[in-house]
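> Give me a model of this one.
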Amino acid sequence: MEFFRKINEKFEKIFITGSTGVVGKPLLKKLVNKGHKVYALNRSKNNSRYFEELGVTSIHGDLFDDSLHEKLSKLNINAIFHVAGVNKMCVKNPADMFKANIEGTKYMLSLGNSLKIKKFVYTSSAVTLGERHGLIGSEVSEHRGWFLSKYEESKYLAEKEAFEYKKDFEFVSINPSSVQGPGRVSGTAKLLISTLNKKYPPLIKNNISIIDIDDCAEGHYLGLTKGRDNERYVLNSFHLQSADLISELKSITDWKGSPIYVPKSIVKLIGPVGDLIKIFSNKPPFICSESVRVLTNGHIYDGSKASKELGLEYIKIGDFITKTVNWLIEEGQISLNRW
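The predicted structure is shown next:
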C-alpha cells in the first residue's frame, strides 16, 4: 500500500491520448481506479459524457493542437501516456498515418518537455521488432531491414524518433503484440469472430502472438510505476500455432467447426488483385499485398522481460478464451452457448 501511495504522489496527475481506443480505454479506467487525476485528450465532444462519468477531465483538441500547452500548463501534469496512433492497411496514401504516428509522437514529447513532466509512457508496437520470419521477437531482436506493412514502418520510425528525441524526463516504450479480448471486435478479432461463426472456416497455418487486453493495460501501468528509463517492454500473454488455438477453442467451447487450411502460396496470389483495386477505388480493399505479407508472416513474441522486470502476470490461455468468447456471445457477435 505504501508503494502505491508513493506512486500516486509522484504521478498524481496524468495526461493521456488515445483513451477511447482498444488499448487506451481499459488503461484509462485503470488510472482512474488507481486514484490518479486524469486529463484525457478529447477529439470529439461525443466522448465528453463518457469522460465525465469516469471522473476524467476532457482536454479538447488533437495531437497537433497548439493550445495544448496552454490548457495543461497550470495543471502540474506529472506523466503522459501517449497511446494514440493510426493503424491502417491497404490505404492508397499512408501519409496521414505517418504524420499521426511519427510527428504526433514528436509533438507529444515536445509537450512533455514544456510541461516538465517526470515520465512518458509511449505505446509502440511489437511489430517494430522486425524479427525475421520464424524467429522469436524480443527487445533485443535485430530488425530484418525491411517492412511487412506501412503501419510497421510508421511505428518503427516513430519509436526510433522517440528514443533519439532530447527528453527532460524518463521515457518507457511499451510494445504490445496483437491486443485481443473483451472490447475488441475489429482488426484481428474479426478473424476469430468469422471462424467461430462458420462450420468450415478457411484458415492458414501460422504462429499467433496475443496480448490480453487487460494484461496490456496492466503492462502499461507497470511501465509507469516500474519501467526503467529508455527501455522498451514487449507485452505478450501467449503464443501458439493456429492449429493449437483451434484445439483450445474446441476443448473449451461447444464450437464444432473444422477449419480448411489454405496454403500460403494461394493466399499470396490474392494480394496483387487488391493492389489493383486500391488504384481505382477510394476505399481500401479487403486484402492487398501488404496485408497478405502480415497475414502469412505470423509472429512469435517473447514477453518475459515485462514479467521479470515489471512483475506483469499474464493470463492463462484457457482463461483468455473463456472470457473473450463469452463476451463475444453476450455482444451477439457469435452464436454459441455461453458456459
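> next SSE after the helix or strand in which residue 209 is found?
In this assignment (DSSP states H and E), residue 209 forms part of strand 207-212. Where DSSP H and E defines the elements, the next helix or strand beyond strand 207-212 is helix 213-225.
> Extract the CA atoms of that following helix and return them as PDB.
The C-alpha coordinates for helix 213-225 follow below in PDB (Å, rounded to 0.1, in the frame of the first residue of the first chain):
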ATOM      1  CA  ILE A 213      -6.500  -6.500 -23.300                       C
ATOM      2  CA  ASP A 214      -6.300  -6.400 -19.500                       C
ATOM      3  CA  ASP A 215      -2.700  -7.600 -19.400                       C
ATOM      4  CA  CYS A 216      -2.000  -4.800 -21.900                       C
ATOM      5  CA  ALA A 217      -3.500  -2.200 -19.600                       C
ATOM      6  CA  GLU A 218      -1.600  -3.600 -16.600                       C
ATOM      7  CA  GLY A 219       1.600  -3.700 -18.600                       C
ATOM      8  CA  HIS A 220       1.300   0.000 -19.500                       C
ATOM      9  CA  TYR A 221       0.600   0.900 -15.800                       C
ATOM     10  CA  LEU A 222       3.600  -1.100 -14.600                       C
ATOM     11  CA  GLY A 223       5.600   0.800 -17.300                       C
ATOM     12  CA  LEU A 224       4.800   4.000 -15.400                       C
ATOM     13  CA  THR A 225       5.500   2.600 -11.900                       C
END
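> any idea how far residue 94 is from residue 87?
11 Å (CB to CB, to the nearest Å). Any C-beta I mention is one placed from the backbone N, CA and C, and that applies to glycine too.
> Let's verify residue 171: helix, strand, or coil?
strand (DSSP: H, G, I helix; E, B strand; the rest coil).
> Which elements pack onto the strand holding residue 209?
strand 178-180, strand 238-241, helix 242-252, strand 300-301 (3 or more CB pairs under 8 Å, 6 or more residues apart in numbering; DSSP states H and E).
> what sits in contact with each of residue 87 and residue 94?
Taking CB atoms under 8 Å, 6 or more residues apart in numbering as the criterion, residue 87 and residue 94 both touch residue 151.
> Without its sequence neighbours, what residue ends up closest to residue 76?
residue 13 (5.8 Å; CB to CB, 6 or more residues apart in numbering).
> I figured the one you found was touching residue 37, is that so?
Yes - in this structure, residue 13 is within contact of residue 37 by CB atoms under 8 Å, at 4.7 Å.
> residues touching residue 166, list them.
Residue 166 neighbours (CB under 8 Å, 6+ apart): residue 113.
> From residue 128, how far off is it?
Residue 166 sits 21 Å away from residue 128, going by CB to CB.
> again, but for residue 55
34 Å.
> between these two, who's got more neighbours?
Higher neighbour count among residue 55 and residue 128: residue 128, with 23 against 9, using other CB atoms under 10 Å.
> ok, the more buried one to residue 162 distance?
10 Å.
> bridging residues for residue 301?
Note on residue 301: beta-bridge partners by DSSP bridges are residue 137.
> Phi first, then psi, for the closest residue to residue 325 other than its chain neighbours.
Sequence neighbours aside, residue 253 is the residue nearest to residue 325 in space, at 5.6 Å (criterion: CB to CB, 6+ apart). Here is the backbone geometry of residue 253 (degrees, to the nearest 10): phi -110, psi 180.
> For residue 253, give me its contacts.
With CB under 8 Å, 6+ apart, residue 253 has these contacts: 196, 321, 325, 336, 339.
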